[in-house]
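> Here's my sequence, what's the structure:
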Amino acid sequence: MDPTGTRVVFMGSPTFAEPTLRALNSAGYLVPLVITQPDRPAGRGSKLTPPPVKVLAESLGLPVFQPETLKKAETLQRIRDAAPDVLVVAAYGKIIPRTILEIPSRGALNVHASLLPRWRGASPIESAILAGDHATGVTIMEVVQKMDAGPIVSATQVPIDPADTAGSLETRLAERGAELLVETLPGWYDGEIAPHEQDESQVTYCSLIKKEDGHLAAGMTAGEAERAVRAYNPWPGAFVAYGEYRLGIWKARVEPDAGDAAPGDLVVRDREPAIAFRDGLLVLEEVQRQGARRMRGRDFLNGERDRLQSKVGLR
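Take a look at the predicted model:
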């Protein structure tokens with residue numbers, strides 16, 4: 001296989017997909033078309049914002065196509081005109097129709113941020129942290145109509161560090177996934193790597209994360225709450241209700257002894273604020289009051305002084 005003679009149509013949208021597109025381009029593959037999500041309103045001003053992959057593709061001088069739907073005849077024709085040998089997908093954000101999967105002459109590969117069949121779905125990185133997994137990884141698989149169920153071409157394990165957030169883990173997985181794809185693609189293309197079916201008995205699923213998922217729950221253990229803080233960083237952010245406001249929690253640690261405190265009680269532990277859960281305390285090391293900047297937990301405590309609430313709102 002000669003990369004310079006291989007045409008790859010790329011489909012991806014968020015930051016996770018950027019290293020894969022960059023790696024394909026650097027390896028010399030011909031990328032006649034990059035398909036990404038349409039620009040969407042973002043931020044406080046709801047300014048129309050392009051997806052990260054669009055920004056990267058344009059900086060590389062690659063053609064960009066942003067269809068609202070993949071089912072229109074125009075979309076199919078744009079891909080046919082690109083005459084792809086291979087379709088590479090990395091966090092595009094939508095199911096790829098069969099009509100598109102049938103276009104590339106060699107087939108389609110997906111870069112997925114988990115060790116399949118564990119964590120099929122839209123939030124594999126966050127789900128691995130929430131579950132307390134000690135490791136996750138990246139899987140290169142063939143794309144089929146069933147979500148993340150295609151035969152596995154290659155996979156590599158990545159450890160989850162105790163301090164990892166979804167953001168820090170995503171960065172490592174994205175880079176490793178890009179490397180693995182470029183390592184794997186030639187052998188798969190030439191038929192030297194034989195994909196193997198996933199073990200359906202080992203499948204676990206994860207769903208799309210919603211903004212309200214960041215609200216810490218009364219039924220959590222302190223360890224589960226701490227993992228939620230890391231899993232929901234940078235989005236949607238873990239939080240509790242504090243009086244009339246929302247108190248964001250960006251960094252925390254677990255202390256095993258809550259004493260007589262009940263879940264939701266706000267107490268002081270070693271001059272830092274802490275929330276009681278059913279088996280211990282979540283000590284708040286970095287917080288953000290609604291509308292304010294992030295600050296150390298002890299600075300928040302000093303600012304509250306006699307106004308410190310005795311409880312926070314858990315869902």
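
> Backbone dihedrals for Ala27, please?
phi -80, psi -10 (degrees, to the nearest 10).

> Correct me if wrong: it contacts Val182.
Yes. The pair Ala27 / Val182 is scored as a contact, 5.1 Å apart, by CB atoms under 8 Å. Heads up, the C-betas are built off the backbone N, CA and C, glycines and all.

> who's in contact with Ile96?
The contact partners of Ile96, by CB atoms under 8 Å, 6 or more residues apart in numbering, come to 11, 70, 87, 89, 108, 143.

> Doesn't the first one belong to a strand?
Yes. Secondary structure assignment (DSSP: H, G, I helix; E, B strand; the rest coil) places Met11 inside a strand.

> I'd like the distance between it and Ala155.
In this view, Met11 and Ala155 are 20 Å apart by CB to CB, to the nearest Å.

> Which one's more surrounded, those two?
Comparing Met11 with Ala155 by other CB atoms under 10 Å, the one with more neighbours is Met11, at 28 against 16.

> What residues are bridge-paired with the more buried one?
Assessed by DSSP bridges, Met11 has beta-bridge partners Ile35, Val89.

> separation between it and Met220?
In terms of CB to CB, Met11 sits 37 Å off from Met220.

> what does Gly191 give?
Taking CB to CB, one finds Gly191 at 49 Å from Met220.

> And these two? Which one has more around it.
Ranked by neighbour count (other CB under 10 Å), Gly191 and Met220 place Met220 first, with 20 against 9.

> Go ahead and list the helix or strand containing the more buried one.
For Met220, there is no host helix or strand (DSSP states H and E).

> is it true that it touches Asp279?
No. With contact defined as CB under 8 Å, Met220 does not reach Asp279; the gap is 9.3 Å.

> Please parse the chain into its domains.
The chain breaks down by automatic domain parsing into domains covering 3-206, 211-307.

> Could you list every helix and strand that the least confident helix or strand in the chain by mean pLDDT packs against?
Scoring the helices and strands of the chain by mean pLDDT, DSSP states H and E places strand 40-42 at the bottom, with a mean of 85. Applying 3 or more CB pairs under 8 Å, 6 or more residues apart in numbering; DSSP states H and E, we find strand 40-42 packed against strand 47-49.

> what's the average pLDDT for the strand it packs on?
Across strand 47-49, the average pLDDT comes to 89.

> and that strand, how far out from the chain's middle?
Centre-to-centre, strand 47-49 and its host chain are 21 Å apart (CA atoms, centre = their mean, to the nearest Å).

> Return the list of strands paired to that strand, each annotated with direction.
When sheet partners are counted by DSSP bridges, strand 47-49 sits next to strand 40-42 (antiparallel).

> in the stretch 201-315 of the chain, which spans are helices?
Counting by DSSP state H, counting those that start in this stretch, one finds helices in the stretch 201-315 of the chain at the ranges 222-231, 297-304.

> Can you show me the CA trace of the longest one as CSV?
Extracted in CSV, the C-alpha atoms of helix 222-231 (Å, rounded to 0.1, in the frame of the first residue of the first chain):
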residue,chain,number,x,y,z
ALA,A,222,-17.7,9.8,48.2
GLY,A,223,-15.5,7.9,45.8
GLU,A,224,-18.3,8.0,43.1
ALA,A,225,-18.7,11.7,43.6
GLU,A,226,-14.9,12.2,43.2
ARG,A,227,-14.9,10.2,40.0
ALA,A,228,-17.8,12.3,38.8
VAL,A,229,-15.9,15.5,39.4
ARG,A,230,-13.1,14.1,37.1
ALA,A,231,-15.3,12.5,34.5
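
> The longest helix along the chain to helix 222-231, inter-axis angle?
For the chain, the longest helix by residue count, based on DSSP state H, is helix 166-189. With axes from the mean of the first three to the mean of the last three CA atoms, to 10 degrees applied, the angle from helix 166-189 to helix 222-231 works out at 70 degrees.

> what packs against helix 166-189?
Using 3+ CB pairs under 8 Å, 6+ apart: helix 166-189 touches helix 18-26, strand 86-90, strand 107-112, helix 124-130, strand 135-142, strand 152-159.

> Please consider this matter closed, and thank you.
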